[in-house]
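Enquirer: Following is a predicted model, sequence given first.
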Amino acid sequence: MHRAVRHAACLLLAAAWGAADEVSHKYETKERVWVFGNKIGPYNNPLETYGYFDVLPWCPPHSPVPKRPTLGEALVGDELLKLQIDMHFMEEMPDTIICEKVLSPKDIDTFRQAIHEQYWYQLYIDELPVRGLLGNSTGEKTFLYTHQRFSLGYNDNRVVMANLTAEKRWYLPEATASAEERTVRFSYSIKWKRSEVRFDQRFKRYLEESFFEHKIHWVAVLTSFMMVFVLACIVLFVLLQTLRADYARYNKPMHDEDNDFNEEAGWKQVHAEVFRVPPNHVWLCALVGTGWQLIVLIFCLILIAIVSVVHEDRGALLTYGVISYAVTSSVAGYSSGRQFVQYATAGPAISKDWKTTMFYTAALFPGLVAGVAFLLNFIAIMYNSQQAIPFSTMVAMVLIWLLVSLPLVVLGTLVGRHQKKNAVPRVSQIPRHIPEKWKHYHTSSMLIGGLLAFGSIFIELYFVFTSFWHYKFYYVYGFMLLVYVILILVTMCLAVVFVYYLLNAEDYRWQWSSFFIGASTSGYIFLYSLYFFFFKTRMSGFFMTAFYFGYMLLFCLTMAILCGTVSFVSADIFVRRIYHNIKSD
């Protein structure tokens, strides 16, 4: 236990410096350049990865002690071990034998099964990733690639290019073959050549510009902007004109002969109900506080990704995400505390619930993530996968929550509770009857609203899903920022329109309804993830299916809380604004 805590402390320090280079990447002639083995697994299952030396009878590593991972590397399952490849800067090597092994019948069966499942492996050379295939099959014959040909490029005293070609097919004999026939020699060769690629541009060859910067991507963003423009026009020109007419009629004296407005209908009739404390107000405050934190967190992460090169550092974005989440916890505490005060003003009897609200705010999102992560980690341990999170990393995450996130939530809640309270109109003692004819309005509006919001982002979702599940480096974070802003604007417009018609139907249950109209977007995202899984990937097996839908569940829950908060806050501002401008009897 003491060792785990000490390792966790090291991870906490590494988290702060996880994106920094450990070396200068500058070499003298014939200086050692280490080759690290990282992971291996089926090509069609990108998350079903295993340690480089855990499942296959390779030549043993140069050192059995892995390179110390950063927090992000530990969370994504990267574990680097030095290989027995004697690579030196600008020094070419002819065919060199790494080791010679007599494969046992079990080893042969292991290699054969891995080749049939299209296993690939990943190496790192001076932080540059290279991949190679384990072998191939032709008919009933199975061949193992036994030679690794490295082609490296250098500019001045730095490595700027790395390629790996798997060669020399060796026929895998039957398990009953003689020892001589089962003897295999693993070898490698190294070629160096001068390159004009600058060091700061060496990752550009990994970025598929023809895919991410395709004209369809631009057209999709333009179409989304047009959707925002149309919705904004509806809100600004149609809805506001309707409200202006409503104000004029509501504020006319009752004895005015020209006042033919039906006082028995309309949104003014529920002015004594709209600020009633909603059911499960503690959960709503916690969700809104968490949603505000996620809004700020994702915005900050996108900005960090735009100004930095997170795709060049393993696990860097995840490290930034963990640290940013902990730091922005004060936003969650402040927002939930502020929201709770508004409800406590309308219903003083609930004032004692502020501590419960604070705890729910601090534990809601981490609890969801921890629950899903625990189940996936249990599956990863069963499969002996590299995706299993080490115990020391779990301790580090708990310490971050206890020492940073939780105190900031408490601080934010205390500050939010003592902010100036907004005046709340009188709330009637007896709830008003809601017309039965509008009882299906909630469901239909949420379905339509979620579909429109999803329509503004689904093209970008395709690029994000493809990069994550198909070994691509996502780097067009400028597009992501635009789509993120579009999603927020679309959700805001939809919430305002929905709540106006809901109140006009004399249904004052707008708080949870407005939240769910934004949250319903995540339902369409999950349906799209089903389509993507079955028609855009070749994933198979229980392990990969569990991890895919576990990750998608977390993503959809995050989007539900975020979009629900956007729609609720927009509706809250709208409701307070329109009822502030009328004359109540």
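Expert: Now that the structure is in, tell me what you want to look at.

Enquirer: who does the longest helix belonging to the chain touch, helix- and strand-wise?
Expert: For the chain, the helix with the greatest residue count under DSSP state H is helix 542-580. Counting contacts by 3 or more C-beta pairs under 8 Å, 6 or more residues apart in numbering; DSSP states H and E, helix 542-580 is packed against helix 281-307, helix 354-382, helix 477-504, helix 510-519, helix 521-535. From N, CA and C alone the C-beta is placed, and that goes for glycine too.

Enquirer: For the last one, buried residues please.
Expert: This means helix 521-535. Buried residues in helix 521-535, defined by neighbour count with 16 or more other C-beta atoms under 10 Å: T521, S522, G523, Y524, I525, F526, Y528, S529, F532, F533.

Enquirer: wait, what's in contact with the second one?
Expert: Residues touching S522, when contacts are defined by C-beta atoms under 8 Å, 6 or more residues apart in numbering, comprise G450, C556, L557, M559, A560, C563.

Enquirer: Show me the two of those that sit farthest apart.
Expert: G450 and L557 (14.7 Å; C-beta to C-beta).

Enquirer: Which one of these two is surrounded by more residues?
Expert: Neighbours were counted for G450 and for L557 using other C-beta atoms under 10 Å; G450 has more, 25 against 17.

Enquirer: Residues contacting the host helix or strand of that one, please?
Expert: G450 is part of helix 441-455 when elements are defined by DSSP states H and E. Outside helix 441-455, the residues that touch it by C-beta under 8 Å, 6+ apart are 227, 231, 487, 490-491, 494-495, 498, 501-502, 505, 507, 509, 513, 516-525, 528, 563, 567.

Enquirer: Let's see that with 6 Å instead.
Expert: The contact list for helix 441-455, computed with C-beta atoms under 6 Å, 6 or more residues apart in numbering, reads V490, T491, L494, F498, S513, F516, I517, S520, T521, G523, Y524.

Enquirer: Give me the angle between it and helix 542-580.
Expert: Helix 441-455 runs at 120 degrees relative to helix 542-580, counting by axes from the mean of the first three to the mean of the last three C-alpha atoms, to 10 degrees.

Enquirer: Do me a favour and average the pLDDT over helix 441-455.
Expert: For helix 441-455, mean pLDDT is 82.

Enquirer: cool, and stretch 270-282?
Expert: The pLDDT scores in stretch 270-282 average 85.

Enquirer: in it, what counts as buried?
Expert: V270, H271, A272, E273, V274, F275, R276, V277, P278, H281, V282.

Enquirer: go on, stretch 306-321?
Expert: Counting neighbours by 16+ other C-beta under 10 Å, one finds that the buried residues in stretch 306-321 are V310, H311, E312, D313, R314, G315, A316, L317, L318, T319, Y320, G321.

Enquirer: follow-up on the earlier one: I'd like the contacts of helix 441-455 as TSV, with pLDDT and distance to L399 appended.
Expert: Converted to TSV, the contacts of helix 441-455 look like this (pLDDT from 0 to 100; distance: C-beta to C-beta, whole Å):
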residue	pLDDT	distance to L399
V490	90	39
T491	93	35
L494	89	41
F498	88	43
S513	91	40
F516	94	35
I517	93	38
S520	94	36
T521	95	34
G523	95	35
Y524	96	37
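
Enquirer: Just put those in JSON lines and tack on distance to V221.
Expert: As requested, the contacts of helix 441-455 are arranged in JSON lines below (distance: C-beta to C-beta, whole Å):
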{"residue": "V490", "distance to V221": "13"}
{"residue": "T491", "distance to V221": "17"}
{"residue": "L494", "distance to V221": "19"}
{"residue": "F498", "distance to V221": "25"}
{"residue": "S513", "distance to V221": "30"}
{"residue": "F516", "distance to V221": "27"}
{"residue": "I517", "distance to V221": "24"}
{"residue": "S520", "distance to V221": "23"}
{"residue": "T521", "distance to V221": "18"}
{"residue": "G523", "distance to V221": "23"}
{"residue": "Y524", "distance to V221": "19"}
